[in-house]
Each structure stands twice: as C-alpha cells, then as structure tokens.
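A.B. asks: 3D model of this:
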Amino acid sequence: MAYQRKNRRTNQCHYGCSVEAALDVIGDKWKGVILFHLLDGTKRFNELRRLIPSVTQRMLTLQLRELENDQIITRTVYPQVPPKVEYSLTEFGQSLRPILFALREWGAKIMEREKNFHSS
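C.D. replies: Here you go, the predicted structure:
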C-alpha cells in the first residue's frame, strides 16, 4: 500500500513517489530557508524574522506550525512575560542537513549562471 497522509492541498493523498512525499513536507517557499537557518542552532521567532526579512509574520508562523506538525522542528515555550518561544530542529529535522547544503550549492550555481547570462 502506498504511503498515505493528510495532504495540505487535498483531503487525502497517495504519494506516487518519495520525492513527492519529501516536497510535501519541505517544499513550501519559506520552509527550506527556515530549516537552513535552524541548522546553526535554536532560534527565537524574531531572530528568524530578522534573518528572513521578506517573509511575513503570518507566513512564518504558518510555516513553523507545519514544520512542527511534521516533526521536523520543535517549539519550546518558556513561561515568562513576555513569552519566549524557541525553535530548533528535531533529530529527524537534522537529517535534512546534507540535503539543505546540497540545495545551497545548487542554488549558488543557478545564481552564477544567471549572473553570467545577464552580464553577456
């Protein structure tokens, strides 16, 4: 039986391949960037906002919730005023390290190609 999970886009999804399953979890626009920043260690919400200035607060919150629901990150709330909330990668999330570094290298090649294309 194919791996099945509740998909964010449709009610039920039977994945056709493992790439489809992986991209369903980390494929949204900001998730890779969030995860890459969390590779350096635990970050507070406002730290992530500063590191990713073009993401809206609402979208960052949504993406963090989805990553938490998928057990890629953990959210720790400290009982103080004002509330302190920290995000970090789970052990499962840490397994994305080589993938995120490979994406960074591939993205650098794309940026270099674009630079060379537009300068010629």
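
A.B. asks: Just the element for the closest residue to Ile52 other than its chain neighbours, please.
C.D. replies: Closest residue to Ile52 in three dimensions, ignoring its sequence neighbours and counting by C-beta to C-beta, 6 or more residues apart in numbering: Val33, at 5.6 Å. Every C-beta, even on glycine, is put in place using the N, C-alpha and C of the backbone. Val33 is part of helix 31-38 when elements are defined by DSSP states H and E.

A.B. asks: and the residue nearest to Ile52, how many neighbours does it have?
C.D. replies: For Val33, the number of neighbouring residues by other C-beta atoms under 10 Å comes to 18.

A.B. asks: Now do it, the pLDDT please.
C.D. replies: Confidence per residue is given as pLDDT, and for Val33 that number is 96.

A.B. asks: Averaged pLDDT, stretch 112-120. What do you get?
C.D. replies: With pLDDT averaged residue by residue, stretch 112-120 scores 82.
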